[in-house]
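Novice: Okay, predicted coordinates and the sequence, questions at the end:
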Amino acid sequence: MNTERNEAPAASNFIRNIIDDDNRTGKWGQRVETRFPPEPNGYLHIGHAKSICLNFGIASSYGGVCHLRFDDTNPEKESVEYVDSIIDAVTWLGFEWTKDEKEQLYYASDYYDKLYAFAELLIERGKAYVDSQSAEEMRANRGSATEPGTPSPFRERTTQENLDLFRRMKAGEFKEGEHVLRAKIDMASPNFNMRDPVIYRIRFAHHYRTGDTWCVYPMYDYTHCISDALENITHSLCTLEFEDHRPLYDWILNELADAGVFTRPLPQQIEFSRLNLTYAITSKRKLLQLVTEGHVEGWDDPRMPTIVGVRRRGFTPGAIKLFCERIGITKVDSWIDMSVFEGALRDDLDDKAPRTAAVLDPLKLIIDNFPEGTTEACSAPVHPHHPEMGTRTFPISRELWIERDDFVETPPKGYFRLFPGNRVRLRYGYVVECTGAEKDADGNIIAVHCNYFPDSKSGTEGANTYKVKGNIHWVSAAHALPAEVRIYDRLFREPQPDAGGRDFLEALNPDSKRVVNAYLEPGLENVQPEQRFQFERHGYFVADRYDSKPEKPVFNRIVTLRDSWGKPA
Ligand code: ATP
Ligand code: MG
């Protein structure tokens, strides 16, 4: 778990200002209690990470606690699989919902009895009624932005009639859609959410937790504010699209406070802007579509912007938190460039990732004057800026693997690597001079030849007498560790794949995954899943969480060393 990032002083933002004010006036004493309320109908994505970092981050920095609450009121779409994946994701990010030995883990479905009882209470107080219009009639009577809605002919039912119908709805006497329960607010309100919103509907659906106990289910807006109040949430942070729902949030809680159910102060809803990340999609529905239609290999495909996806890709919790800190919290909707996310990742990994050599597009280099059948040890720092991380040693021998593009027959201007007659340094090894290349019958280069200078070894005095411009990495062919390396790139070719409602599938990047057979520095033997490295000159790589075996490593490219997206190679 990465805790360093949590200790950095949090940047001020408008939400912290509100909390500071509340603490000054003593509105909640000094209590700060937030919640992260996902619906278990999909895997969490990077947008949720923003909300998680905000809710858990704020609570912990004020000495409070953040509840994890499953907002599970849509039986059709929810499942235990999603619950488990959400618990796993929040835990991996390094957050906890237990404080002072009290586990603050909740399910809205645990409140069904209370929610139902409160609905009866609202009916008794003349604040809710059973409407028997069809869905079309309700829509038609909703009014428009300029026209008030038309009250339902059932709006003035007596309390007794409403109670009777609502109880029979619960008892399963009616079909889906035959009746709904609506809050009795104001059909002429300029805010549609206040035009007698539906708070209960009939659904004969099996719920993953309550089974077939219920055939009436509470609506999100009704459930959410009550769940907050039941859990004594102080600040209920949500995304901007709920701004227009706030009057309803307040109305329901105030009505229940008037009825003596809750005491004031009541939880306060505060909205912030959601994360929109370029070259990614943050809609659960569309992410589900990518999975079910097979455009990716699952929710945890390393190209997915899901938390399981970025985890498998090799992103660290520290990088995600750093990213969330950098983008901050505002009320202005905007797009954050993917390079900001990748930049946070590089900054996090650069300092920690051990360095190693890996040849991803292998070409043989033969050192003709290197004594056959012998090896020699070379050494290099594990991390150039952290001597305490030690050194690594690896053998050099007569035949090496180098990158195919580190050799050309006819060099373009400014090319300092291998070409006939040129000298380069084999990184942490010797200086060699290229003598030519071997080709197969079709003219493909199959091996490059060179001679080395035995007094030029890195780290020896002689090394300094050789001035060369090129410095290439290599691994000894006889000792190298073969590995599968998956070169991932962005999943979409365009910054806003679903902008303007167009088909985001058309923006899929056909080259977002490439698999190569690579050769790694022999020290990578026994690499454990999720270990991360910098492959020198290439970027950051992680041993795949599921597929990598110590005896047969599989690596994923996390990110390149520099931001080269869109620039010619
Ligand atoms: P859907 O995509 O199905 O509309 P959702 O993404 O809003 O759902 P929820 O499970 O309701 O999913 O989200 C849980 C919490 O995460 C909510 O408080 C929501 O506001 C927040 N959240 C969701 N997407 C983002 C985002 N892109 N940026 C910041 N917060 C988000
Ligand atoms: Mg939602």
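Specialist: Nice, I can see it. Residues are numbered from 1 along each chain as shown. Ligands and ions are numbered 1, 2, ... in the order given.

Novice: quick one: the strands in the stretch 151-300 of the chain?
Specialist: All strands of the stretch 151-300 of the chain, identified by DSSP state E, counting those that start in this stretch, fall at 180-183, 198-202, 216-218, 235-239, 268-272, 276-277.

Novice: For the fourth one, give the mean pLDDT please.
Specialist: What strand 235-239 shows for mean pLDDT is 98.

Novice: How about stretch 280-296?
Specialist: 95.

Novice: could I get the strands of the stretch 151-300 of the chain as TSV with mean neighbour count and distance to ligand 1?
Specialist: C-betas here are computed from N, CA, C, even on glycine. Below are those laid out as TSV (neighbours: other CB atoms under 10 Å; distance: least, CB to the nearest ligand atom, whole Å):
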stretch	mean neighbour count	distance to ligand 1
strand 180-183	24	21
strand 198-202	20	18
strand 216-218	23	15
strand 235-239	21	4
strand 268-272	20	8
strand 276-277	19	7
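
Novice: Would you format the ones you listed as a markdown table with distance to Met169 included?
Specialist: Output for the strands of the stretch 151-300 of the chain, formatted as a markdown table (distance: least, CB to CB, whole Å):
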| stretch | distance to Met169 |
| --- | --- |
| strand 180-183 | 7 |
| strand 198-202 | 6 |
| strand 216-218 | 5 |
| strand 235-239 | 29 |
| strand 268-272 | 28 |
| strand 276-277 | 40 |
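
Novice: Please list the residues of the stretch 201-350 of the chain that sit near ligand 1.
Specialist: Cys238, Thr239, Arg274, Leu275, Thr282, Ser283, Lys284 (CB under 6 Å from any ligand atom).

Novice: Show the contacting residues for the closest residue to Phe407 other than its chain neighbours.
Specialist: Closest residue in space to Phe407, ignoring its immediate chain neighbours: Leu418 at 4.2 Å, by CB to CB, 6 or more residues apart in numbering. By CB atoms under 8 Å, 6 or more residues apart in numbering, the contact list for Leu418 reads Leu365, Ile402, Asp406, Phe407, Val408, Val424, Cys434, Val448, Cys450, Gly470, Ile472.

Novice: just to revisit the earlier point, ChimeraX command for the buried members of the residues of the stretch 201-350 of the chain next to ligand 1?
Specialist: Applying 16 or more other CB atoms under 10 Å to these, the buried members can be selected in ChimeraX as follows:
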select :238,274,275,282,284
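
Novice: of all the residues of the stretch 201-350 of the chain next to ligand 1, which comes closest to Gln30?
Specialist: Closest approach to Gln30 among these (CB to CB): Cys238, at 23.0 Å.

Novice: Touching, the closest one and Gln269? I think so.
Specialist: Yes: the pair Cys238 and Gln269 qualifies as a contact (CB atoms under 8 Å) at a distance of 6.3 Å.

Novice: how is the chain carved up into domains?
Specialist: Domain segmentation of the chain under automatic domain parsing yields 112-218, 357-476.

Novice: gap between the two ends of the shortest one?
Specialist: The separation between the terminal residues of domain 112-218, taken as CA to CA, to the nearest Å, is 8 Å.

Novice: Then the last one?
Specialist: End-to-end distance for domain 357-476, by CA to CA: 11 Å.

Novice: tell me which residues of stretch 90-97 are tucked away?
Specialist: Buried residues in stretch 90-97, defined by neighbour count with 16+ other CB under 10 Å: Val90, Leu93, Gly94, Phe95, Glu96, Trp97.

Novice: wait, I meant stretch 59-69
Specialist: Judged by neighbour count using 16+ other CB under 10 Å, the buried positions of stretch 59-69 are Ala59, Ser60, Tyr62, Gly64, Val65, Cys66, His67, Leu68, Arg69.

Novice: Point out where the chain drops to low pLDDT.
Specialist: For the chain, the stretches with pLDDT under 70 are 1-10, 565-569.

Novice: Up against ligand 1, what does it have?
Specialist: Residues of the chain lying near ligand 1 (CB under 6 Å from any ligand atom): 37-39, 47-48, 50-51, 238-239, 274-275, 282-284.

Novice: Which ones among those lie within helices?
Specialist: Gly47, His48, Lys50, Ser51, Lys284 (DSSP state H).

Novice: and the last one, what is it in contact with?
Specialist: Shown here is Lys284, whose contacts under the criterion CB under 8 Å, 6+ apart are Asn41, Gly42, Tyr43, His45.

Novice: okay, those residues in CSV with neighbour count and secondary structure next?
Specialist: As requested, the contacts of Lys284 are exported to CSV (neighbours: other CB atoms under 10 Å; DSSP: H, G, I helix; E, B strand; the rest coil):
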residue, neighbour count, secondary structure
Asn41, 17, coil
Gly42, 23, coil
Tyr43, 26, coil
His45, 25, strand
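
Novice: what's the closest of these to Ala507?
Specialist: Nearest to Ala507 among those: His45, at 17.1 Å, using CB to CB.

Novice: Select only the buried ones of the ones in helices among the residues of the chain next to ligand 1 in PyMOL?
Specialist: To isolate the buried subset of these in PyMOL, counting by 16+ other CB under 10 Å, use the following:
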select buried, resi 47+48+50+51+284
